[in-house]
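J.: sequence isn't available, so here's the structure alone:
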Ligand code: BT5
């Protein structure tokens, strides 16, 4: 694999032939040592990938990227942790858009990457806090690259291959992803949160487009996404009234 053209992201690269979950591996590493900031744990064969709150992430061996990045964003207060979701979503968006320049790539709140109405990538960020600061962060990223059939029947998967008809070289893509991640992380670290938030909203799936949603109680409604608040909740206009939604309080209807 080529060395990424970065200062630190991916300069230490733990490339595993197989692992249950790169996020779990990174957590285990953090519990025993202090890996260098920017350490990346990558595998092309993840057998027990995790999503949010107990969900699973499917990945056919040798077809996709699964990696975790270790960071120490001690410049961020715990209350600002959604800023991590913003930089990571943008970096993965940049990466996918670079691979699929002709396709409608977007960020689905809070941090999926969509092509059209389909999910191409998922992100799982796990922060460890001390008091009001962030001690360490594991950023897990799964991107469907050459996989064309999904056996666990996720609702709307897609891959770079399905979108373009092309086969991608995984070993070229990992360093490229590291470069996009570092570039957005350095922007965040330099305090450029306003332009990052603006870029996030510009790429946000269904931003400013009235569409159908469902509440946790099953009630359907039409809403218009108008922004996100400081803690990352989705701001909507529902029948001309403002409302905010937390993760899992809202389902997108197709
Ligand atoms: C995510 O969770 O989308 C986060 C996925 C993060 C995976 C990476 S891979 C490297 C690192 N190590 C790990 O163990 N995890 C991270 P969530 O938003 O909860 O979405 C999970 C849901 O997406 C599942 O319940 C399925 O419905 C769907 N899904 C599962 N696999 C998929 C796939 N390959 N493509 C599209 N959708 C999928």
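T.: Ah, there it is. Small disclaimer: the values here were computed from a predicted structure and weren't measured. Residues are numbered from 1 along each chain as shown.

J.: correct me, but residue 69 touches residue 42?
T.: No. Using C-beta atoms under 8 Å, residue 69 is not in contact with residue 42, being 9.4 Å away. Bear in mind the C-beta positions are built from the backbone N, C-alpha and C, glycine included.

J.: show me where the stretch 1-150 of the chain has its strands.
T.: 13-16, 40-43, 49-50, 56-57, 65-71, 105-108, 112-115, 118-130, 133-143 (DSSP state E, counting those that start in this stretch).

J.: do the same with the stretch 151-254 of the chain
T.: In the stretch 151-254 of the chain, the strands defined using DSSP E, counting those that start in this stretch lie at 211-215, 220-228, 234-238, 241-245, 250-252.

J.: whichever residue of the stretch 101-250 of the chain sits closest to the ligand: neighbour count?
T.: Residue nearest to the ligand within the stretch 101-250 of the chain (C-beta to the nearest ligand atom): residue 122, separated by 2.1 Å. Residues near residue 122, counting by other C-beta atoms under 10 Å, number 24.

J.: re earlier: so which of residue 69 and residue 42 has more stuff around it?
T.: Neighbours per residue, other C-beta under 10 Å: of residue 69 and residue 42, the larger number sits with residue 69, 27 against 24.

J.: what sits against the residue of the stretch 101-250 of the chain closest to the ligand?
T.: By C-beta atoms under 8 Å, 6 or more residues apart in numbering, the residues touching residue 122 are 51, 57, 111-113, 141-142.

J.: output the residues you listed in JSON lines; the columns should cover neighbour count and pLDDT.
T.: Listed next are the contacts of residue 122 as JSON lines, based on neighbours: other C-beta atoms under 10 Å; pLDDT from 0 to 100:
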{"residue": "51", "neighbour count": "16", "pLDDT": "96"}
{"residue": "57", "neighbour count": "21", "pLDDT": "98"}
{"residue": "111", "neighbour count": "26", "pLDDT": "92"}
{"residue": "112", "neighbour count": "20", "pLDDT": "97"}
{"residue": "113", "neighbour count": "26", "pLDDT": "98"}
{"residue": "141", "neighbour count": "26", "pLDDT": "98"}
{"residue": "142", "neighbour count": "26", "pLDDT": "98"}
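
J.: what residues are up against the residue nearest to residue 123 when sequence neighbours are not counted?
T.: Excluding the flanking residues, the one nearest residue 123 by C-beta to C-beta, 6 or more residues apart in numbering is residue 111, at 4.3 Å. Neighbouring residues of residue 111 by C-beta under 8 Å, 6+ apart: 85, 88-89, 122-123, 125.

J.: the same query, at a cut-off of 10 Å, please.
T.: Contacts for residue 111 were tallied using C-beta atoms under 10 Å, 6 or more residues apart in numbering; they are 52, 82, 84-86, 88-90, 92-93, 121-125, 139, 141, 200, 232, 247.

J.: buried members of those into ChimeraX, please.
T.: In ChimeraX, a selection of the buried entries from the contacts of residue 111 looks like this (16 or more other C-beta atoms under 10 Å):
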select :82,84,85,86,88,89,90,92,93,121,122,123,124,125,139,141,200,232
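
J.: what does the stretch 101-250 of the chain have sitting close to the ligand?
T.: Neighbours of the ligand within the stretch 101-250 of the chain, by C-beta under 6 Å from any ligand atom: 112, 119, 122-124, 140-142, 144, 154-155, 157.

J.: tell me the one of the residues you listed nearest residue 24?
T.: Nearest to residue 24 out of these is residue 140 (C-beta to C-beta; 9.2 Å).

J.: doesn't residue 59 make contact with the closest one?
T.: No. Here residue 140 lies out of contact with residue 59, judged by C-beta atoms under 10 Å, at a distance of 11.7 Å.

J.: list residues touching both of those two?
T.: Joint contacts of residue 140 and residue 59 (C-beta under 10 Å, 6+ apart) are 46, 49, 66.

J.: fine, thanks again, bye for now.
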